[in-house]
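K.L.:
Predicted model, plus sequence, below.
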Amino acid sequence: MSHNLYQVMTRFGDYYPLNIKGTTSKIINKLEDNFTWVQYNPRKNIDRYGLSITSLDGGLSGRPDLDSLLEHYKKTGIWIDETEINVKTEVYNYFKPWLDPIESFLGRTHVIKLNQGAYFPPHRDNRDADIRSFRLFMPLNYDSASNFFLLENHKMEFDNGKMYFIDTCKMHTLFNTSNTPFYFVVVNVVLSEESVKTTLQYLYG
């Protein structure tokens, strides 16, 4: 059943914009002024940081919500699914206009800060037949000349403050060649018939 629901989402494209949008120009400074960023997946020596919008306990420690959940399992023997990391933190308030429409379906959601030269190597977010969530992506300060999000071999383009569905079961990579950080939001939405119907209400066209 989950496979069929995911196919419904991908029927409209590998990535596409949703009519969930707003102005992000002032958010970055507010986040920098009010919060301490936590290293994303600290076992990797990559200059990237995050802030939890949802976490396992509502706190901002970033653990395990900004860690690799697979690495966390290997270390602790405790498996935590993307869908279980759903307690809102105080960072949520900065993103209410975008997240309130899908609030009841939120799984692990966070802001990522990629510093100069930082990247996510080519990977897939799901390799299982049982797909439990789908990904939405929203850039805060995307610059086409220096920020690169490749899905398979295609460079995607974005408008800041607009939410996008991305089929991250496909191979993808992301890197920042700018001398300033690249900020974006990653949203895991619990896959269900209701969440799919709600999200597709915001489909453009």
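P.N.:
Thanks, I have it.
K.L.:
How many residues are close by E71?
P.N.:
Residues within reach of E71, counting by other CB atoms under 10 Å, total 14. For the C-beta atoms, the positions are set from N, CA and C on the backbone; glycine is no exception.
K.L.:
just the helices in the chain please.
P.N.:
2-10, 27-34, 69-76, 96-99, 193-200 (DSSP state H).
K.L.:
quick one, which of the ones you listed is nearest to R127?
P.N.:
Among those, the nearest to R127 by CB to CB is helix 69-76 (10.4 Å).
K.L.:
Centre of the chain to that closest one, how far?
P.N.:
20 Å (CA atoms, centre = their mean, to the nearest Å).
K.L.:
ok so, going back, mind putting the helices of the chain in a markdown table, mean pLDDT included?
P.N.:
Shown next, in a markdown table, are those (pLDDT from 0 to 100):
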| stretch | mean pLDDT |
| --- | --- |
| helix 2-10 | 90 |
| helix 27-34 | 98 |
| helix 69-76 | 85 |
| helix 96-99 | 98 |
| helix 193-200 | 98 |
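K.L.:
Now distance to N86 too, for the ones you listed, in TSV please.
P.N.:
Converted to TSV, the helices of the chain look like this (distance: least, CB to CB, whole Å):
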stretch	distance to N86
helix 2-10	17
helix 27-34	21
helix 69-76	14
helix 96-99	12
helix 193-200	12
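K.L.:
right, so those helices: which one is the most enclosed?
P.N.:
helix 96-99 (a mean of 17; mean count of other CB atoms under 10 Å).
K.L.:
what comes into contact with that helix?
P.N.:
20-22, 53, 92, 106, 109, 138, 163, 185, 187 (CB atoms under 8 Å, 6 or more residues apart in numbering).
K.L.:
if we go to 10 Å?
P.N.:
18, 20-24, 53-54, 88, 92-93, 103, 105-106, 109, 136, 138, 161-163, 185, 187 (CB atoms under 10 Å, 6 or more residues apart in numbering).
K.L.:
Over to stretch 75-86?
P.N.:
43, 52-58, 64-70, 72-73, 103-110, 125-126, 132-135, 188-192.
K.L.:
what's near enough to touch G59?
P.N.:
52, 65, 87, 89-90.
K.L.:
Ignore what I typed, I meant D125.
P.N.:
Here D125 is in contact with 82, 131, 133-135, 166-170, 172, 186, 188 (criterion: CB under 10 Å, 6+ apart).
K.L.:
Buried ones among the residues you listed?
P.N.:
Neighbour-count burial (16 or more other CB atoms under 10 Å) applied to these gives 82, 131, 133-135, 166-169, 172, 186, 188.
K.L.:
No further questions, thank you.
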